[in-house]
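> Below is the sequence, then the predicted model.
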Amino acid sequence: MQTKGGEMVKKFDIFQLLKILIPIAAVFLALLLGSVLLLFIDVNPLEAYRYLIFGNFTNKYNTAEIFVKSTPIILTGLAFTFAFRTGLFNIGGEGQMFAGAMAAVFVGLKTGHLSPFLTISLSLIGAIIAGAIWGLIPGFLKGIFGSSEIIVTIMFNYVALYLISYLVDKPLRESIGFYPQTDLIGKNAFLPYVVPNTRLHIGFVIAVIISIIVYIILWKTPFGYRLRAVGFNPDGAEYSGMSIKKSIIISMAISGALAGVAGFTEINGIHHRLLDNFSKNVGFDGIAAALLGSANPAGVVVSSILLGMLQTGSNSMQRGVGVPANIVSIIQAMIIILVLAGNMLRPKLELYMRRKEKVIE
Amino acid sequence: MNTILRMVSISKYFGTLAANEDVNLEVKKGEIHSLLGENGAGKSTLMNVLYGLYQPDKGEIFFEDKKLNLRSSKDAIDLGIGMIHQHFMLVPVHTVLENIIMGMGKEKGLVIKEEKLKKEISEIAKKYGMEISLDSKVGNLSVGQQQRVEIVKALYRGAKLLIMDEPTAVLTPQETEELFTTLKIMAEDGMSIILITHKLKEVMFVCDRVTVLRDGKVTKTIDTKDTNELELARFMIGRELMPIERKQEYKVGEPILEIESLSHEGEKGEKSLNDISLTVNSGEVLGIAGVDGNGQKELAEVIVGLMKASSGTILLDGKDITENTIEEIVKMGVGYIPEDRHKRGLILDFSVSENLILKDYYKKPYRKTLFFDFNVINKHADDMISKYSIKTPGRHAEAKKLSGGNQQKVVVAREIHKLPKLLIAVQPTRGVDIGATEFIHQEIIKAKEDGAAVLLISTELSEINYLSDRIAVIYKGGIVGEMDKSDFDENRIGLMMAGAN
């Protein structure tokens, strides 16, 4: 109470640091717990982790693969972040990504003969619109009828998933008719590669640019201000004349659009066709990245790259020491639990630190 | 008289905040001792320590010359310390009798010996001049009656020391008087009472001694007969109270807000506003007095469009706004200081500068094309912070880091600085320290003198009396009387607040 301005600023910084330290501590703790599992199956954790972390960097292709994997995670992570800042839990990143992918494939198949710039732009726009619609419907139901966006978005994941299964099985099945997948989209619709002889495509750059745009929208514009006000305190936002319904609906649509872009980068950058079960769980990895990155665009990019690294590293770990790659899923899940636990403990931790300072005085 | 309670150098910290520091309190047998201090001075903390709800970080408590080591409120009750909270701890659907004997475990056997208990309890009540009907459901009783139940409950449990936390906050003036009579009889009978309050008049009227707290420390313990209200105020806030400057002459202008037989129904169809008609003119303050929960919140929220009226009309400057939404009414520039600054008035996670533009965030000059112009926003924040003397670590500090008084100043600054035509202020100084209260009162008077029509809704009669030019009394959602300031009569208003006309 009696602290002067100067001291306040200093303390403030310590607590800011705490925000960053918790996710880092969570990652290390999760790796530590994971090593217990590894010991159970008689694997030397240090050796396994050497493959997990450094196995990626043995050659250019594998290193680039980290960023390939993290690209859609960044986008679905931003999608979750955007809705989260408006006080919504969009668990439907996966479905919105699928919706975007369907649109991207459709556009890619139909307009693949046009110039690369044109067809890629059209695919991107198609994916944005499709993703936005997939987010808009739950947003609309939430805004008008108050239905839980969590339940509706989860259900919409399945709708999108099985819609794809149907599309690749019947109407859009490849002309040879052998596998349940579509034809390749036009060559001109392929995203250009940034690093030669790798799969790293321009989608990663797009994802990073979008993360900057998301940051600017949320923190530098009146529009983002309104969404964050609704997210922090809907009663206060209502009192000051903001429309909560409108904010919820728009935010969900934008959130869906961001996840839709992930569908676009996956189709036009990697798979070049629609197939069953592609990029599975990327939507949920995005939620993990958003939570790990404290729902902050820069944090989302960093944690997405970390998750990308773990996922590519898991393959090299499997090859190196014969540990099933799935162990990484366990570690990833533990990271999330520990981050959430850490965030719950943070107020107590801050209180404890403050009290300690007092006693020292 | 001998001492019943001694609290010796009690300290209690919350984080770095010293809620109590080296506090000494001594209460004698048979005295009414006031614990006086502003909100946040540490009164409630000290009493919660005494009642066993908080463990002190330092210090000792002696009760009847025995050192206490309280671990819970049950320990305190067993020793004969009773506490009556501001919000009563009663079960509304149970009868008075059931509430009083609840949880005592005095009964042997399976059957409650009602007649015997009733006799015992009635005797206690009669002894101290309290009338209660033991068979009524608590939910049907008035607030004053419920308080009596709480007192009898504490007495029946053998309280020798009774702590009362702001007992008069919810009472009408008449009920307050009755309460004080009871307290005096109890004291004569040898009971000790600690009265927590921030109302100086009550201290002078009913208490024998007073201990004043400021910023968690005792500033003075003194006999009331050796002091006066002015001196106590000085101990309490550390300086003299400043009288409000008022222009000698100002003009009452055109009607700005005209309400015509307005009604509102709650979700269950109950009438929370009943046929209200009011007019507020430019350049005057209309004060709405009333006991909390008689439709004050609904009246304000219906006017600004947060709730829908079920019938009646509201005219703003001659224009019908009954059907308008809150968005539209905010755009018309109605200033509204809401009852609850945490829920409505502020986005606590936003910074001070962000909160100061809450209603204008999309407007120029704060916006340049699509983006914020942070130079303008920051300058606006700095201007407001200095003009309204908001104490904050900086414009970027989150609103939740500010004290209650300074949070309220942020709200007041935002609502008043644009010179609204209509200003609605609901409990503008609730939970605010005296310094900030003075300031907010000054600003409301200024707004009025600048030509605003002010609708002031408050449960503090002194605030209504102080600021209003006309006074209306609200009871169960209806206006039961209206009078000019010159006819102000606390007794009459008190009766109206209780429903008598």
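Right, received. Where do you want to start?
> number of nearby residues for the residue of the stretch 151-300 of chain B found nearest chain A?
Taking CB to the nearest CB, chain A has its nearest neighbour within the stretch 151-300 of chain B at residue B:215, 7.3 Å off. Placement of C-beta: from N, CA and C, glycine included. Around residue B:215 there are 17 other residues, counting by other CB atoms under 10 Å in any protein chain shown.
> For residue A:65, list the residues it contacts.
Residues in contact with residue A:65 (CB atoms under 8 Å, 6 or more residues apart in numbering or on different chains) are A:56, A:198-200, A:308, A:312.
> among those, which ones are buried?
For those, a neighbour count by 16 or more other CB atoms under 10 Å in any protein chain shown gives the buried set as A:56, A:198, A:200, A:308, A:312.
> Throw those into TSV and include pLDDT, thanks.
Compiled in TSV, the buried ones among the contacts of residue A:65 are given as follows (pLDDT from 0 to 100):
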residue	pLDDT
A:56	84
A:198	93
A:200	95
A:308	93
A:312	90
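> quick one: which of those residues is nearest chain B?
For those, the residue nearest chain B by CB to the nearest CB is residue A:308; the value is 31.0 Å.
> Name the helix or strand for the closest residue to the closest one other than its chain neighbours, please.
With sequence-adjacent residues excluded and distances taken as CB to CB, 6 or more residues apart in numbering or on different chains, residue A:308 is closest to residue A:70, at 3.1 Å. With the criterion set as DSSP states H and E, the secondary-structure element containing residue A:70 is helix A:60-85.
> wait, isn't residue A:249 in contact with residue A:135?
No. Residue A:249 is beyond contact range of residue A:135, at 9.3 Å (criterion: CB atoms under 8 Å).
> higher neighbour count, the two?
Set side by side, residue A:249 and residue A:135 give different neighbour counts by other CB under 10 Å, the larger being at residue A:135 (35 against 21).
> Which part of the stretch 301-450 of chain B gets nearest to chain A, residue-wise?
Among residues of the stretch 301-450 of chain B, the one nearest chain A by CB to the nearest CB turns out to be residue B:330. It sits 3.1 Å away.
> ok, back up a step: dump the buried ones among the contacts of residue A:65 to CSV, plus distance to residue B:33.
Putting the buried ones among the contacts of residue A:65 into CSV (distance: CB to CB, whole Å) gives the following:
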residue, distance to residue B:33
A:56, 73
A:198, 81
A:200, 77
A:308, 68
A:312, 72
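> that older thread, since we're on the residue nearest to residue A:308, how many residues are nearby?
The tally of other residues near residue A:70 (other CB under 10 Å) stands at 26.
> dump the residue contacts of it.
Residue A:70 sits next to A:204, A:304-305, A:307-309 when contact means CB under 8 Å, 6+ apart.
> got it, and residue A:71?
A:201, A:203-204, A:207, A:262, A:265-266, A:269.
> hmm, 7 Å instead?
Contacts of residue A:71 were listed using CB atoms under 7 Å, 6 or more residues apart in numbering or on different chains, and they are A:203-204, A:207, A:265.
> Name the residue of the stretch 151-300 of chain A with the shortest distance to chain B.
Taking CB to the nearest CB, the stretch 151-300 of chain A has residue A:241 as its residue nearest chain B, at 3.1 Å.
> Isn't that residue up against residue B:359?
Yes. With contacts counted by CB atoms under 7 Å, residue A:241 reaches residue B:359, the gap being 6.2 Å.
> Give me the phi and psi for the residue sitting nearest the centre point of chain B.
Nearest to the centroid of the C-alpha atoms of chain B, with distances taken as CA atoms, centre = their mean, sits residue B:430, at 5.2 Å. With angles defined as degrees, to the nearest 10, residue B:430 sits at phi -70, psi 130.
> The one 5 residues further on too?
Here is the backbone geometry of residue B:435 (degrees, to the nearest 10): phi -60, psi -50.
> burial count for it?
Other residues within reach of residue B:435, judged by other CB under 10 Å, total 17.
> what residues are up against it?
Going by CB under 7 Å, 6+ apart, residue B:435 touches B:237, B:405.
> From chain B, how far out is the residue nearest to residue A:308?
29 Å (CB to the nearest CB, to the nearest Å).
> Against residue A:307, how distant is that residue?
Residue A:70 sits at a distance of 7 Å from residue A:307 (criterion: CB to CB, to the nearest Å).
> ok, now residue B:365?
Residue B:365 sits 43 Å away from residue A:307 when distances are taken as CB to CB.
> Same check on residue A:256?
21 Å.
> ok, the two, which is more surrounded?
Between residue A:256 and residue A:307, counted using other CB under 10 Å, residue A:256 has the larger neighbour count: 34 against 25.
> mind checking pLDDT for the closest residue to that one other than its chain neighbours?
The spatial neighbour of residue A:256 that comes closest, neighbours along the chain excluded (CB to CB, 6+ apart), is residue A:135 at 2.0 Å. Reported pLDDT at residue A:135 in the predicted model: 97.
> again, but for residue B:238
80.
> Residue A:259: which element?
Secondary structure (DSSP H and E) places residue A:259 in helix A:244-266.
> C-alpha coordinates for the following helix or strand past that helix, PDB please?
From helix A:244-266 onward toward the C-terminus, using DSSP H and E, the following helix or strand is helix A:282-292. Extracted C-alpha coordinates of helix A:282-292, given in PDB (Å, rounded to 0.1, in the frame of the first residue of the first chain):
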ATOM      1  CA  VAL A 282      -3.400 -30.300 -35.200                       C
ATOM      2  CA  GLY A 283      -6.400 -28.400 -33.900                       C
ATOM      3  CA  PHE A 284      -5.900 -29.700 -30.400                       C
ATOM      4  CA  ASP A 285      -2.100 -29.100 -30.600                       C
ATOM      5  CA  GLY A 286      -3.100 -25.500 -31.300                       C
ATOM      6  CA  ILE A 287      -5.000 -25.300 -28.000                       C
ATOM      7  CA  ALA A 288      -2.000 -26.700 -26.300                       C
ATOM      8  CA  ALA A 289       0.200 -24.100 -28.000                       C
ATOM      9  CA  ALA A 290      -2.100 -21.300 -27.000                       C
ATOM     10  CA  LEU A 291      -2.200 -22.400 -23.400                       C
ATOM     11  CA  LEU A 292       1.500 -22.900 -23.200                       C
END
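> For the helix or strand containing the residue nearest to residue A:256, buried residues please.
According to DSSP H and E, residue A:135 maps onto helix A:116-140. By neighbour count, with 16+ other CB under 10 Å as the criterion, the buried positions of helix A:116-140 are A:119-120, A:122-124, A:126-140.
> returning to what we had before: of the buried ones among the contacts of residue A:65, which is the nearest to residue B:52?
Distance to residue B:52 across these (CB to CB) is lowest for residue A:308, with 55.0 Å.
> Outside of the helix or strand hosting the closest one itself, which residues are in contact with it?
Following DSSP H and E, the helix or strand that holds residue A:308 is helix A:297-321. Under the criterion CB under 7 Å, 6+ apart, residues A:43, A:47-48, A:51-53, A:55-56, A:62, A:65-67, A:69-70, A:73-74, A:77-78, A:81, A:208, A:211, A:214-215, A:285, A:288-290, A:292-293, A:323-325, A:328, A:331-332 lie in contact with helix A:297-321.
> That's all I had, so thanks and see you.
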